[in-house]
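S.K.: return a 3D structure for these sequence lines:
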Amino acid sequence: MSNSAEKPEVVQLPAEPPAVAPAATRRAAAQRVREARDRLTSSSGTRPAFDSELLRQYAQTRLSASYVIMLLVVASGLLFGFWMPPVSAAAWTCGLLCIHTAIIRSCGQFISAQPSPPEIRKWRTRFIVLDLLYGLGWTALLIHPSGFDAVSNTLIMFLMLLVVAVSSMLAASLPIAALAATAPVTAAIAVNFALSGTFDNYVLALLALAAEAYFALLAHRLHSATLATLEARAEKDALIGELEQAKAISDEARHRAEAANVAKSRFLAQMSHELRTPLNAILGFSEVMKSEIFGAHAVPVYREYSSDIHNSGVHLLNLINEILDLSRIEAGRYELNEEAVSLVHVVGDCHHLLKLRATNRGITIHEVFEHGMPRIWGDERAVRQIVLNLLSNSIKFTPQGGEIWLKVGWTASGGQYLSVKDTGSGIPEDEIPIVLASFGQGSNSIKSAEQGAGLGLPIAKSLIDMHGGTFTLRSKIRIGTEVIVTFPPERVMSALGPMSEAEDAPPLQPENGNGRTPEVARAGRNKPILSAGTGL
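M.R.: Predicted coordinates for the structure are as follows:
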């Protein structure tokens, strides 16, 4: 008598440890080699490409602010013309404009020339020298002997701060040039203030030095931000290049895989036809010879040979069918012929088919089914193949005298499950992903005398996945193996209750002339006339 099935304990398979990606290792090694090469070939400690880009930004900033600098020089010359001889002010203005013109011209030549990395050092030195001359020009004006007594300290301090701020911002991409343009001005002003001997001038000297330090720090921060932006852009470009290369490789591999898949499909289609035709003849003739339809064999051994030929042909035909089924499933061309299926009935039939094989090996199969289970909506052939594959594997790898339990019951979510548990040798934990892969075989399967193609479990897992169910395999060495497949609650066909008659449902018979059904009219005729409208 069947007992109530126990609820299965579904255990997730252990996740494989993540393998270290060789691409990441190669990328890190290439990064270290590139940084070492850049440090050896760069003049500023950064990448050579960054040196060129920083100088390019310096030149572009100088060109964009050329008119602002010219206006500042002319305005300063006109202002100082009131406290110093006009000729000296005009000469200073012309000289500083010449230096500014040389800087602008050099920046334009640098942008149009696109120099190579070995020429970057020369251009870097040229820009530093020109900025130094630019700073010395401002120094000559701010410490002019004839103007220093006339011009107030406040005006000198304001102009110095303006020159230092503008030069620091314009030369932020090249901090050495910014320092060369501002340090002479600040040093000269601080020395002049300090030599005056008053307390206020000492304070102004310290303020000038503090302003120089502040703007130098600001220029350094701007340079660092610019360098970080360039590095981020370079990393982004490198990543985009790697992604494009990986995409190209992936597309090429996909094309090769599609071509190989088409070739495999053609090969399987052709070979299935070419193999099944002679196999049918082998099976038919061997069946005739084994049954001795046309007479007994002269040698009794021939009958055993005919039986062996027939069994081998059946095994080969089953193997071809499994390969074709797996190829159709992988190609997405396996279509389910769904209908109402009784899981208990299918499992019982498969048990009956394989009972003789299990009995010959001394294996006992126990049935633990729940009663009154409804049908499920699925492909009966696929469900039968799942049960046969799981039960065949259990019989194959269970030693003589072992036991197998077939369980069918309800899951906790309202679905149905099938459990096949045996007392076989078990599967090592690290080999579970192998046996679930196509053509994968564990160590016990290789040592066994009944080796298979390694398609039973992958086909069963693929078929249950197509039904929206789950496939769980648990195994312990020298204890046994249990496979649990579940069908979702959506596939369980529960009985529908009777439909309740709605108040506004249409009548089953057409109405008569006065708009009443025959039953209502008949009840009206049988009602007493005196009670009509009296409520009695």
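
S.K.: quick check, Leu418 in contact with Leu343.
M.R.: Yes - in this structure, Leu418 is within contact of Leu343 by C-beta atoms under 8 Å, at 6.5 Å. Just so you know, the C-beta spots here come from the backbone N, C-alpha and C atoms, and that holds for glycine as well.

S.K.: so what sits against both of the two?
M.R.: Contact criterion C-beta atoms under 8 Å, 6 or more residues apart in numbering; residues shared by Leu418 and Leu343: Val408.

S.K.: in stretch 402-414, which residues are buried?
M.R.: 402-411 (16 or more other C-beta atoms under 10 Å).

S.K.: average model confidence for it?
M.R.: Average pLDDT, stretch 402-414: 91.

S.K.: hmm, who's touching it?
M.R.: Applying C-beta under 8 Å, 6+ apart, the external contacts of stretch 402-414 come out as 4-8, 343-344, 347, 351, 358, 362-370, 373, 391, 394-395, 398, 416-424, 486, 488-489, 492.

S.K.: which of these are buried?
M.R.: The buried subset of the contacts of stretch 402-414 (16+ other C-beta under 10 Å) comprises 5, 8, 343-344, 347, 351, 358, 363, 365, 367-370, 373, 391, 394-395, 398, 416-424, 486, 488, 492.

S.K.: now, which of those residues lie within strands?
M.R.: 365, 367-369, 416-422, 486 (DSSP state E).

S.K.: pick the one among those residues closest to Ala59.
M.R.: If you rank these by distance to Ala59 using C-beta to C-beta, Thr486 comes first, at 70.9 Å.

S.K.: okay but that closest one is in contact with Asp465, surely?
M.R.: No - counting by C-beta under 8 Å, Thr486 sits too far from Asp465 to count as a contact (11.4 Å).

S.K.: okay, and the common contacts of the two?
M.R.: Common neighbours of Thr486 and Asp465 are not found (criterion: C-beta under 8 Å, 6+ apart).

S.K.: pull out the buried residues from the helix or strand hosting Asp349.
M.R.: Following DSSP states H and E, one finds Asp349 within helix 343-360. Buried residues in helix 343-360, counted by 16+ other C-beta under 10 Å: 343-344, 346-348, 350-351, 354, 358.

S.K.: got it, and stretch 217-232?
M.R.: Applying 16+ other C-beta under 10 Å to stretch 217-232 flags 219, 222-223, 226-227, 230 as buried.

S.K.: reformat these as a markdown table; add pLDDT.
M.R.: Putting these into a markdown table (pLDDT from 0 to 100) gives the following:
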| residue | pLDDT |
| --- | --- |
| Ala219 | 85 |
| Leu222 | 85 |
| His223 | 83 |
| Thr226 | 82 |
| Leu227 | 81 |
| Leu230 | 79 |
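
S.K.: okay, the residues you listed in JSON lines with distance to Glu431 and secondary structure next?
M.R.: Below are the buried residues of stretch 217-232 laid out as JSON lines (distance: C-beta to C-beta, whole Å; DSSP: H, G, I helix; E, B strand; the rest coil):
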{"residue": "Ala219", "distance to Glu431": "65", "secondary structure": "helix"}
{"residue": "Leu222", "distance to Glu431": "61", "secondary structure": "helix"}
{"residue": "His223", "distance to Glu431": "59", "secondary structure": "helix"}
{"residue": "Thr226", "distance to Glu431": "57", "secondary structure": "helix"}
{"residue": "Leu227", "distance to Glu431": "53", "secondary structure": "helix"}
{"residue": "Leu230", "distance to Glu431": "52", "secondary structure": "helix"}
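
S.K.: mind listing what Ala178 touches?
M.R.: 131, 167-168, 170-172, 215-216, 219.

S.K.: in the chain, which spans are strands?
M.R.: 338-341, 364-369, 376-379, 403-410, 416-422, 470-476, 480-487.

S.K.: which stretch among those strands comes nearest Ser291?
M.R.: strand 364-369 (29.5 Å).

S.K.: packing partners of the closest one?
M.R.: Helices and strands touching strand 364-369, as assessed by 3 or more C-beta pairs under 8 Å, 6 or more residues apart in numbering; DSSP states H and E, comprise helix 343-360, strand 403-410.

S.K.: any idea which of the buried residues of helix 343-360 is closest to Ala59?
M.R.: Set against Ala59, the nearest of the buried residues of helix 343-360 by C-beta to C-beta is Leu343 (79.9 Å).
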